[in-house]
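J.: quick one, fold the following:
(2 chains)
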Number of protein chains: 2
Amino acid sequence: LSIQSGKQLVVTTDILVDGVHFSDRTTSAFDVGWRAAAANLSDLAAMGASPIGITVGLGLPGDVALTWIDELYQGLVACLQPYQTSILGGDTCRSSIRTVAITALGDVEPHRVIQRSTARPGDAIVVTGVHGASRAGLELLLHPELGHNLTAMERSQMIQAHQRPRPRLDVIPLLWEVVDHGTASLAIAGMDSSDGLADAVLQICRASGVGAELDWRSIPLPSALDLWVTPAQRLDWALYGGEDFELVLCLPYPTAQDLVEQLGPPTAIVGQITSNASIVLIDANDDSQPNQTLDLKQGFQHF
Amino acid sequence: LSIQSGKQLVVTTDILVDGVHFSDRTTSAFDVGWRAAAANLSDLAAMGASPIGITVGLGLPGDVALTWIDELYQGLVACLQPYQTSILGGDTCRSSIRTVAITALGDVEPHRVIQRSTARPGDAIVVTGVHGASRAGLELLLHPELGHNLTAMERSQMIQAHQRPRPRLDVIPLLWEVVDHGTASLAIAGMDSSDGLADAVLQICRASGVGAELDWRSIPLPSALDLWVTPAQRLDWALYGGEDFELVLCLPYPTAQDLVEQLGPPTAIVGQITSNASIVLIDANDDSQPNQTLDLKQGFQHF
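T.: Below is the predicted model of the structure:
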């Protein structure tokens, strides 16, 4: 592979296991492939990088149908194609459980690397899309009897959010367009919200040695969600549901506002970085309510 | 990661599964790590590349002892350290079966890439070390009662060949030293013998659209092997045993001879590339014997 001179290489890797990250009940082989590719492209976007290609390691029981494997690759390719990203190679072996190990490579100009460690007190926290939709879609797949008052379109949007998430690679060039029109060189902090919005904010705060205030009313939610779950459940899915694959970016206010304007709704500023050690949920419209500290044990548990 | 300007990036990936690639009966956690790193570094060497780093994806049952994981990483690091190669990152998740997914990155000058597809009729086939030792070591681990007439040293050498193979990254600079002193620009064909010497020759021949003659008496074997197995068994292990992680290189005769001299024994020329479609085992000292065509079904079967 050739790397454009002056660019830095970015690598991300994921291991996905049947019964943990996907299941025949909720995920077709096509969607397993799509989601695996999307998760890795999302990690590249979270570092500000453009994709170069992926490798695919497959562990498979001998009795897996060939169509399952064909459809897995169709899903991978369908997700990669809009970004002119190819499957570079891989490895296949026998395993008692279906396992998909993806490594994605990307490149980025050194001064445009997005890292978790550069958030500063006063930065606005921007999210590029709705949160909770993927978790809601999973619930609809597991319990089709739920959400009976949703329209077919509303139902399908949430299921799509779960089965076919879109990596937000589109945000990166717009981000730098806004930044380049703004103030001088700017380190953007960020990551994706694949393990939940709360987890993303936590990881950024930990790596940057800062805290955050999140205004829960500002978090963009799928509008149809209030038709079938309580406000508390909605917020819970938005913060801890995970797999929304949006970007969470920290940057100074005027530039953050420009970015929100450039991307349009549902992109929103959902809070700000503070110099405290904690991450606090606030209600900016109602300071009579006690602030809550984020419950970070609710994030995705690997074991 | 920074890639040196003008170099090309090389990527290789492997997925290793408990019960297929390793087992508690024959492989400690340290050795699982060592072998996983060695296999990937060997693939980099097979492309003529220098290692940059690896990623490690782990799928683990919840009841795996922490010491097993610690020792796995100790094995990885011990194998990587002599090559100043680091673990760049990775992913961990729950799985019903221990799974290790490694991706290794390396770099190489574009005109020094070793590929499978550039072997030409008349090229000598060089192997950089003995074959069959890893397979013999596995046998000694599975059946400690065998090889009772081996010395402790002989036994330990074969077991080491299985548990702690050394990637032949050391060959690459010497190879180019020899080539640079020889004729003008030269495309070297090659790969490693991790899936067996026969498989390596086959893959090179297929990719290059050529055939080969292998002189079975020239294949370097572990000397102690004739103390406890038949000549037929020895040859079988050398050709099909696999996991010797030596390099199989195809290059014109004078340069091949210089390389053998430079590397010293057991490096040897074991045959030559032909314009036939087949891969034939010959006995260069005794043409009264009928030639055998290689039985390629005996190579490593993934399923």
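J.: give the contact list for the residue nearest the centre of chain A.
T.: Residue closest to the mean C-alpha point of chain A, counted by Cα atoms, centre = their mean, is A:F245 at 1.8 Å. Counting by Cβ atoms under 8 Å, 6 or more residues apart in numbering or on different chains, A:F245 makes contact with A:38-39, A:42, A:134, A:165-168, A:192-194. For glycine as for every other residue, the C-beta is placed from the backbone atoms N, C-alpha and C.
J.: any idea how far it is from B:G6?
T.: 36 Å (Cβ to Cβ, to the nearest Å).
J.: A:L221 too?
T.: 50 Å.
J.: which one of these two has more residues nearby?
T.: Using other Cβ atoms under 10 Å in any protein chain shown as the criterion, A:L221 and B:G6 rank with A:L221 on top: 20 against 11.
J.: surely the more buried one is in contact with A:G129?
T.: No. Taking Cβ atoms under 8 Å as the definition, A:L221 is not a contact partner of A:G129, at 10.4 Å.
J.: if we can go back for a sec, inside strands: which ones of the contacts of A:F245?
T.: Here DSSP state E is the test, and these give A:D192 as lying in strands.
J.: quick check, nearest of the contacts of A:F245 to chain B?
T.: Nearest to chain B among the contacts of A:F245: A:A39, at 10.1 Å, using Cβ to the nearest Cβ.
J.: tell me the helix or strand right after the longest helix along chain A.
T.: Ranked by number of residues, the top helix in chain A under DSSP state H is helix A:29-46. Counting by DSSP states H and E, the next helix or strand C-terminal to helix A:29-46 is strand A:50-60.
J.: now whichever helix or strand comes after that next one against helix A:29-46, angle please.
T.: Proceeding N to C from strand A:50-60, the next assigned helix or strand is helix A:66-80, under DSSP H and E. If you take axes from the mean of the first three to the mean of the last three Cα atoms, to 10 degrees, helix A:66-80 sits at 30 degrees to helix A:29-46.
J.: contacting residues around the helix or strand following helix A:66-80?
T.: Scanning forward in sequence from helix A:66-80 by DSSP H and E, the next helix or strand is strand A:86-94. Strand A:86-94 is contacted by residues A:1, A:53-62, A:73, A:76-77, A:80, A:105, B:11-17, B:20-21, B:302-303 when judged by Cβ under 8 Å, 6+ apart.
J.: one more: stretch A:196-203?
T.: Here stretch A:196-203 makes contact (Cβ under 8 Å, 6+ apart) with A:116, A:125, A:127, A:131, A:191-193, A:212, A:214, A:219, A:238-242, A:244, A:246, A:248, A:270-271, A:279, A:294-296, A:298-300.
J.: export that stretch to CSV, keeping only CA atoms.
T.: C-alpha atoms of stretch A:196-203 as CSV (Å, rounded to 0.1, in the frame of the first residue of the first chain):
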residue,chain,number,x,y,z
GLY,A,196,-22.7,5.2,24.2
LEU,A,197,-22.7,9.0,24.4
ALA,A,198,-21.9,8.9,28.2
ASP,A,199,-18.9,6.6,27.6
ALA,A,200,-17.6,8.9,24.8
VAL,A,201,-17.7,12.0,27.1
LEU,A,202,-16.1,10.0,29.9
GLN,A,203,-13.3,8.7,27.7
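J.: restricted to buried residues, select the contacts of stretch A:196-203 in ChimeraX.
T.: The buried residues among those can be selected in ChimeraX (16 or more other Cβ atoms under 10 Å in any protein chain shown) with this line:
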select /A:116,125,127,131,191,192,193,212,214,219,238,239,240,241,242,244,246,248,270,271,279,294,296,299
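J.: among the contacts of stretch A:196-203, name the ones in strands.
T.: Cross-referencing the contacts of stretch A:196-203 against strands under DSSP E gives A:125, A:127, A:191-192, A:212, A:214, A:248, A:270-271, A:279.
J.: let me know the closest of these to A:D31.
T.: A:D192 (18.6 Å; Cβ to Cβ).
J.: identify the bridge partners of the closest one.
T.: With DSSP bridges applied, A:D192 shows beta-bridge pairing to A:L247.
J.: thinking again about what came up before, which of the contacts of strand A:86-94 are buried? Put it as a ChimeraX command.
T.: Per 16+ other Cβ under 10 Å, the buried members of the contacts of strand A:86-94 correspond to this ChimeraX selection:
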select /A:53,54,55,56,57,58,59,60,73,76,80,105 /B:11,12,13,14,15,16,17,20,21
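J.: and the residue nearest to the centre of chain A, how far from chain B?
T.: 16 Å (Cβ to the nearest Cβ, to the nearest Å).
J.: below-threshold pLDDT in the stretch 201-303 of chain A: ranges please.
T.: Residue ranges of the stretch 201-303 of chain A with pLDDT under 70: A:295-303.
J.: helices of that one, residue ranges please.
T.: Listed in chain order, the helices of the stretch 201-303 of chain A (DSSP state H, counting those that start in this stretch) span A:231-240, A:253-263.
J.: and those, which is most packed in?
T.: Burial of the helices of the stretch 201-303 of chain A is given as mean neighbour count (mean count of other Cβ atoms under 10 Å in any protein chain shown); helix A:231-240 ranks first at a mean of 20.
J.: pull that helix out as CSV, backbone CA atoms only.
T.: The C-alpha atoms that make up helix A:231-240 are tabulated as CSV, following Å, rounded to 0.1, in the frame of the first residue of the first chain:
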residue,chain,number,x,y,z
PRO,A,231,-38.6,10.2,29.2
ALA,A,232,-36.3,8.4,31.7
GLN,A,233,-35.9,5.4,29.3
ARG,A,234,-35.3,7.7,26.3
LEU,A,235,-32.5,9.4,28.2
ASP,A,236,-31.1,6.2,29.4
TRP,A,237,-30.9,4.8,25.8
ALA,A,238,-29.4,8.1,24.5
LEU,A,239,-26.6,8.1,27.1
TYR,A,240,-25.9,4.4,27.5
